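>>> only geometry, no sequence info:
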């Protein structure tokens, strides 16, 4: 009986290890070709913890069987590095640069509340406390009367749901659109000392599942099977449709005549085709450069994920990356100090 139980656990371990390898491949496989890997990439934290659990289990039961998951977990360190930082690499109070903040404000509809003006005031106070030089906001869609009350003592640039506020001098502004003529981002060219830099505020296509998840617990009778299939279908649609925006953004960034700072809600975790394509523009991730802990920015899912980013060209040093803990949106704001080299 014991041997049968061990064999069963070993088969489950093999499956967990195999799926974790699939998650490692997710960033390199276009979801339009095989969407299964995108699901595995989204599940990376769960698969990692499963394999870590098997390592601990086998240490007490049969040590040599721990080698499989141990080797695969160690082989995936570059992926783990995208999710977790033990110590911040670059933290300083003396470095003078540009403080950048990115925040998806969810149209100022705080979880569990719908008082736009109250939430807007709280968000505005949070931003003022941080004293950023550049603020990139996503999902800024509110009534015109309410929008007029959102003043940060610096002008706003952009249109629609993506805005950029900045204290720096703006010499040019523009929009980012896909082939279907749908805008999903804005940019401004700024002067800092003698340097010109380009800053993007981006929101890539959403999975459109947050409202459904939010209302799940409020429903008395739910067909769980139908609910799971509905969520899976929306996730699959998000994976494939977001590829077009990702390809457009990658090309737009590549054509920039200036060093770039890319801020926004990518709606995809680091173990994704989206992240890999954008970072392949020779960009660096502010969280990897100077963050600490897990850096999760979206908490209306299990597991928690990092889908909000500050990325820059390699012509910047990055310091003091931080995820701000607040409940004013389903996203958390992120900040970092960038210094042109």
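Done, it's in. This one's a predicted model, so the numbers in the text were calculated from it and none came from an experiment. Residues are numbered from 1 along each chain as shown.
>>> low-scoring stretches of the stretch 101-250 of the chain, by residue?
111-114, 145-147, 179-181, 207-230 (pLDDT under 70).
>>> in it, which spans are helices?
Assigned by DSSP state H, counting those that start in this stretch, the stretch 101-250 of the chain shows helices spanning 116-130, 144-148, 210-216, 224-254.
>>> identify each buried residue in stretch 19-32, please.
19, 20, 22, 23, 24, 26, 27, 29, 30, 31 (16 or more other C-beta atoms under 10 Å). Quick note: C-beta positions are derived from backbone N, CA and C, even for glycine.
>>> between those, which sits nearest residue 132?
Relative to residue 132, the closest of the buried residues of stretch 19-32 is residue 27; by C-beta to C-beta it sits at 29.9 Å.
>>> list the contacts for that closest one?
For residue 27, the contact set (C-beta atoms under 8 Å, 6 or more residues apart in numbering) comprises 41, 270, 271, 272, 273, 275, 276.
>>> about what we covered before: what's the closest of the helices of the stretch 101-250 of the chain to residue 186?
helix 224-254 (11.3 Å).
>>> pipe the contacts of residue 27 into TSV and attach pLDDT, secondary structure and neighbour count per row.
Converted to TSV, the contacts of residue 27 look like this (pLDDT from 0 to 100; DSSP: H, G, I helix; E, B strand; the rest coil; neighbours: other C-beta atoms under 10 Å):
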residue	pLDDT	secondary structure	neighbour count
41	95	helix	29
270	97	coil	26
271	97	coil	28
272	96	coil	27
273	97	helix	24
275	98	helix	23
276	98	helix	19
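>>> quick check: the farthest pair among those?
Farthest pair in the contacts of residue 27, by C-beta to C-beta: 270 and 273, 11.1 Å.
>>> now do the same contact list for the residue most central in space within the chain.
The residue lying closest to the centre of the chain (C-alpha atoms, centre = their mean) is residue 307, at 1.4 Å. Residue 307 sits next to 265, 266, 267, 268, 269, 297, 298, 331 when contact means C-beta under 8 Å, 6+ apart.
>>> okay, now the third one: neighbour count?
The number of residues packed around residue 267, counting by other C-beta atoms under 10 Å, is 22.
>>> dump the residue contacts of it.
Taking C-beta under 8 Å, 6+ apart, one finds 203, 204, 205, 206, 207, 238, 242, 274, 307 in contact with residue 267.
>>> got phi/psi on it?
Backbone torsions of residue 267, given as degrees, to the nearest 10, read phi 60, psi 30.
>>> equivalent analysis for the one 3 residues further on, please.
Phi and psi for residue 270, reported as degrees, to the nearest 10, are phi -60, psi -30.
>>> could you look up the SS state of the residue nearest to it when sequence neighbours are not counted?
Ranked by C-beta to C-beta, 6 or more residues apart in numbering and with sequence neighbours excluded, the top spatial neighbour of residue 270 is residue 82, at 3.6 Å. Of the three states, residue 82 takes helix under DSSP: H, G, I helix; E, B strand; the rest coil.
>>> burial of residue 299, as a residue count?
Counted with other C-beta under 10 Å, residue 299 comes out at 15.
>>> that one against residue 332, yeah?
Yes: checked against C-beta atoms under 8 Å, the pair residue 299 and residue 332 is within contact range at 7.2 Å.
>>> quick check: the residue nearest to residue 270 vs residue 315, distance?
From residue 82 over to residue 315 the distance is 22 Å, taken as C-beta to C-beta, to the nearest Å.
>>> tell me which of these two has more neighbours.
Neighbour tally, residue 82 and residue 315, criterion other C-beta under 10 Å: the higher count belongs to residue 82, 21 against 16.
>>> for the more buried one, give its distance to residue 269.
For residue 82 relative to residue 269 (C-beta to C-beta), the value is 8 Å.
>>> quickly list what's touching both of these two.
Common neighbours of residue 82 and residue 269 (criterion: C-beta under 8 Å, 6+ apart): residue 275.
>>> chain center to the helix or strand where residue 37 lies, what's the gap?
Secondary structure from DSSP states H and E places residue 37 in helix 36-42. On the basis of C-alpha atoms, centre = their mean, to the nearest Å, helix 36-42 sits 15 Å off its chain's mean C-alpha point.
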